[in-house]
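Trainee: sequence plus the predicted model coming up.
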Amino acid sequence: MCGRYTLTVSGELLETRFDARAAAPIEPTYNAAPRESLPVIRADSPNEIAPMTWGLTPSWADDRRDLINARSETVREKRSFSDAYRERPCLVLADGFYEWVEEGGEKRPYRVSRRDGEPFAMAGLWESWTPPTRQTGLDAFSEGGETGEPEPTEAFTILTTEPNEVVKPLHHRMAVVLPEEREREWLTADLDARRELLRPIAGDGFRAYPVSTAVNDPSAEGPELIEEVGA
């Protein structure tokens with residue numbers, strides 16, 4: 001799975017790399033976690049990098065779900081993701097992601113990144129969800145308890161697939177990292193062609209290395225989190 005990732009490069013570099021304009025300032029993150037607002041490129045706005053919440057809730061759901069990952073093998077048929085798969089693909093921008101391995105009775109975090117340190121795009125889907133309005137007596141209130149109309153939440157999920165040779169020693173799943181030359185295809189391809197992209201990326205351009213257990217805390221931030229430490 002992909003439960004935490006990094007995006008440490010500047011907004012200017014991202015704009016150049018993905019040929020898109022940032023709709024809001026992009027701050028580096030060394031420990032991106034679910035429910036955070038993070039940069040994506042949507043198929044309906046391919047020239048814009050915009051913030052979106054990590055953790056999709058299907059539009060039909062009564063309660064917030066925070067689905068951070070979707071299995072590529074079942075995403076086309078699973079009700080939680082099928083509409084988004086057909087209509088709302090997106091690129092999730094990153095320059096690394098974390099996986100944890102059981103070592104000596106504790107979970108040791110590893111960071112997976114490109115050997116050249118460049119950013120990449122993970123295959124994502126997005127959805128808009130509006131909390132239902134509850135009725136009590138003469139008053140209506142949103143799921144959050146405030147009066148008035150509830151606000152919609154736009155959020156994304158990251159697709160996962162079988163691991164490549166770099167990730168396999170760490171975990172049985174990995175994020176779908178798109179080849180650079182095929183990133184835009186994820187946004188524009190038909191459903192059959194899109195399915196062909198849901199495979200492990202070749203591992204020869206990637207590396208995995210151990211990092212500090214400080215990253216285990218989702219609230220931890222800072223460049224020290226991505227520094228290599230002794231195995």
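Mentor: That came in fine, so what should we check first?
Trainee: would you confirm that R71 contacts T160?
Mentor: Yes - R71 lies in contact with T160 (C-beta atoms under 8 Å); the separation is 5.9 Å. C-beta: built from backbone N, CA, C; applies to glycine.
Trainee: residues shared between the contacts of those two?
Mentor: R173 (C-beta atoms under 8 Å, 6 or more residues apart in numbering).
Trainee: so where is the protein shaky, pLDDT-wise?
Mentor: For the chain, applying pLDDT under 70 flags the ranges 134-148, 231.
Trainee: what ranges do the helices span in it?
Mentor: 11-18, 79-87, 183-188, 191-196 (DSSP state H).
Trainee: out of those helices, which is closest to R115?
Mentor: Closest to R115 of the helices of the chain is helix 11-18 (C-beta to C-beta; 16.2 Å).
Trainee: other SSEs contacting that closest one?
Mentor: strand 21-22, strand 45-54, strand 89-94 (3 or more C-beta pairs under 8 Å, 6 or more residues apart in numbering; DSSP states H and E).
Trainee: show me the contact partners of that helix.
Mentor: 7, 9, 20-22, 25-26, 39, 41, 49, 91, 93, 118-119, 121, 183.
Trainee: I'd like to know which of those residues are buried.
Mentor: Among the contacts of helix 11-18, those buried by neighbour count (16 or more other C-beta atoms under 10 Å) are 7, 9, 20, 22, 26, 39, 41, 49, 91, 93, 119, 121, 183.
Trainee: in stretch 92-103, which residues are buried?
Mentor: 92-100.
Trainee: between which two of these is the distance greatest?
Mentor: Using C-beta to C-beta, the pair of the buried residues of stretch 92-103 lying farthest apart is L93 and W100, separated by 22.5 Å.
Trainee: give the contact list for the residue lying closest to H172 once chain neighbours are set aside.
Mentor: Of all residues not flanking H172 in the chain, P163 sits nearest, at 6.4 Å (C-beta to C-beta, 6 or more residues apart in numbering). Listed by C-beta under 8 Å, 6+ apart, the contact partners of P163 are 170-174, 200.
Trainee: what do you get if the cut-off is 7 Å, keeping everything else the same?
Mentor: P163 makes contact with 171-174, 200 under the criterion C-beta atoms under 7 Å, 6 or more residues apart in numbering.
Trainee: can you select the buried ones from these in PyMOL?
Mentor: To isolate the buried members of these in PyMOL, using 16+ other C-beta under 10 Å:
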select buried, resi 171+173+174+200
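Trainee: turn the contacts of P163 into TSV, including distance to P58.
Mentor: Listed next are the contacts of P163 as TSV, based on distance: C-beta to C-beta, whole Å:
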residue	distance to P58
H171	26
H172	25
R173	21
M174	24
P200	27
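Trainee: and the contacts of P163, which is closest to A220?
Mentor: Closest to A220, out of all of those and judged by C-beta to C-beta, is H171, at 20.4 Å.
Trainee: any idea how far C90 is from the closest residue in space to the closest one that isn't next to it in sequence?
Mentor: Spatially, and ignoring its direct neighbours in sequence, H171 is nearest to E99 (4.6 Å; C-beta to C-beta, 6+ apart). Counting by C-beta to C-beta, to the nearest Å, the gap from E99 to C90 is 22 Å.
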